[in-house]
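Trainee: Below are the sequence and a predicted model for it; my questions follow.
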Amino acid sequence: MQNTGLLTVSFIVAGTFNVLFPLFLGWWIIRNKKTNWKLFGVGVLTFIGSQIFHIPVVNGLTRAFSTGLIPHVPVGFAPYFNAIVLGLLAGLFEETARWIGYKFLKKSGDSFGAALTLGAGHGGIEAIIIGGIVLVTLVSMMALRATDPASLPLPADQVQLAQAQLQAYWSSPWFLPLAGAVERIGALMLHISLSIMVWLAYSFRKPLWFWLGVLYHAVIDGAVVLMSSFGVNMWIIEAFLIVTAAAVLYLILRVGKQKEEERLVSEKLSTNSETFEPILDTSNE
């Protein structure tokens, strides 16, 4: 019999972690890099802004395929097609939103620390929204569980649907919510890496970094979609996300720090050169 008490605790832990961890991470970055919450807030806005366009496009394509407006993709190729399209759309919309964020911030967002903070905000608000949904859904399901669905003023088919949803929810493995929390850790590492990549493209006028960010985002999202389509074990998917995101973040952090240090040295040398005044030899005058 399903241990509903353990499942409830798991939902509470996962939901609370998803809400609090990004805020703690943002505070830690701001404290250590001497940035501010405005940058975190701009990261939040870049995510929300990207989804305002991203979600309607995905829904529109889904509707176009389902109604036959766009020819159906062969069944055997459909999982690969979905992985490629969904991955690329996520990369294009979100990296473009990050670039616009840096454009809006101008000098105040042109630093390695700012890139870290913006990345924490961008990935953090996604985690916070998911965590909030987890907690609100738990409260709703607990209330519904304490009520007989048949007593609700609903049509018979909707009562049956509510009962089925209630049964499916409380029949979930107790560790399932924790997998979602682990996924948010990997996603935050991914978003911070992507924010640094777009910062490198914007700050150093290197468009290649932008397109590498789009490609990296597309590969990660596409791989997760593809593995899910083929029923790969969730913990294998989470391990792939965590390991890949951690490895890329390590490399991108090194590149970002190096570029920042090189620019600071260059600016210092330039400043010294501009302020240097030759001393004239006046001993013979």
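Mentor: On my side now, so go ahead.
Trainee: element containing Trp174, please.
Mentor: Trp174 belongs to no helix or strand when elements are defined using DSSP states H and E.
Trainee: thinking it is in contact with Phe11, fair?
Mentor: No - Trp174 is beyond contact range of Phe11, at 9.2 Å (criterion: Cβ atoms under 8 Å). Every C-beta, even on glycine, is put in place using the N, C-alpha and C of the backbone.
Trainee: Can you tell me, leaving aside adjacent residues, what's nearest to Glu238?
Mentor: Nearest residue to Glu238, sequence neighbours excluded (Cβ to Cβ, 6 or more residues apart in numbering): Val182, at 5.0 Å.
Trainee: Now do the one you found against Trp27, distance only.
Mentor: Distance from Val182 to Trp27, counting by Cβ to Cβ, to the nearest Å: 21 Å.
Trainee: who's more crowded, these two?
Mentor: When Val182 and Trp27 are compared for neighbours, Val182 comes out ahead with 18 against 13, by other Cβ atoms under 10 Å.
Trainee: picking that back up, so for Trp174 and Phe11, which residue has more residues nearby?
Mentor: Phe11 (24 against 16).
Trainee: Quick check: mean pLDDT of the host helix or strand of the more buried one?
Mentor: Using DSSP H and E, Phe11 maps to helix 4-33. Average pLDDT, helix 4-33: 95.
Trainee: same thing with stretch 234-242?
Mentor: Mean predicted lDDT for stretch 234-242 stands at 95.
Trainee: and what of stretch 48-63?
Mentor: Averaged across stretch 48-63, the pLDDT comes to 95.
Trainee: name the helices or strands packed onto the lengthiest helix in the chain?
Mentor: Counting by DSSP state H, the longest helix found in the chain is helix 234-275. Packed against helix 234-275 by the contact rule (3 or more Cβ pairs under 8 Å, 6 or more residues apart in numbering; DSSP states H and E) you find helix 112-145, helix 176-203, helix 207-229.
Trainee: now the angle from that helix to helix 112-145?
Mentor: Counting by axes from the mean of the first three to the mean of the last three Cα atoms, to 10 degrees, helix 234-275 lies at 150 degrees to helix 112-145.
Trainee: Go through the lowest-mean-pLDDT helix or strand in the chain and flag the buried ones.
Mentor: Using mean pLDDT, DSSP states H and E, the weakest-scoring helix or strand in the chain turns out to be helix 156-170, at a mean of 82. Buried positions in helix 156-170, judged by neighbour count with 16 or more other Cβ atoms under 10 Å: 159, 162, 166, 169.
Trainee: what's the nearest residue to the last one once chain neighbours are set aside in contact with, if anything?
Mentor: Going back to what we said before, that points to Tyr169. Sequence neighbours aside, Met141 is the residue nearest to Tyr169 in space, at 5.1 Å (criterion: Cβ to Cβ, 6+ apart). Counting by Cβ atoms under 8 Å, 6 or more residues apart in numbering, Met141 touches 166, 169-170.
Trainee: Swap in 10 Å and give it another go.
Mentor: Listed by Cβ atoms under 10 Å, 6 or more residues apart in numbering, the contact partners of Met141 are 8, 11, 165-166, 169-170.
Trainee: Save those as JSON lines, and put in distance to Lys103 too.
Mentor: Shown next, in JSON lines, are these (distance: Cβ to Cβ, whole Å):
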{"residue": "Thr8", "distance to Lys103": "45"}
{"residue": "Phe11", "distance to Lys103": "40"}
{"residue": "Gln165", "distance to Lys103": "44"}
{"residue": "Leu166", "distance to Lys103": "47"}
{"residue": "Tyr169", "distance to Lys103": "43"}
{"residue": "Trp170", "distance to Lys103": "48"}
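Trainee: Quick check: the farthest pair among the residues you listed?
Mentor: Within the contacts of Met141, Thr8 and Gln165 form the most distant pair, 16.5 Å apart (Cβ to Cβ).
Trainee: Near the nearest residue to Met234 once chain neighbours are set aside, how many other residues are there?
Mentor: Leaving aside its chain neighbours, Met234 sits nearest to Ala179 (5.2 Å; criterion: Cβ to Cβ, 6+ apart). Residues lying near Ala179 (other Cβ under 10 Å) number 15.
Trainee: Repeat that for Leu200.
Mentor: Neighbour tally, Leu200, other Cβ under 10 Å: 23.
Trainee: Look up how far Tyr102 lies from it.
Mentor: For Leu200, the distance to Tyr102 - Cβ to Cβ - is 10 Å.
Trainee: Kindly point out which residues are neighbours of both of these two.
Mentor: Joint contacts of Leu200 and Tyr102 (Cβ under 10 Å, 6+ apart) are Ala115.
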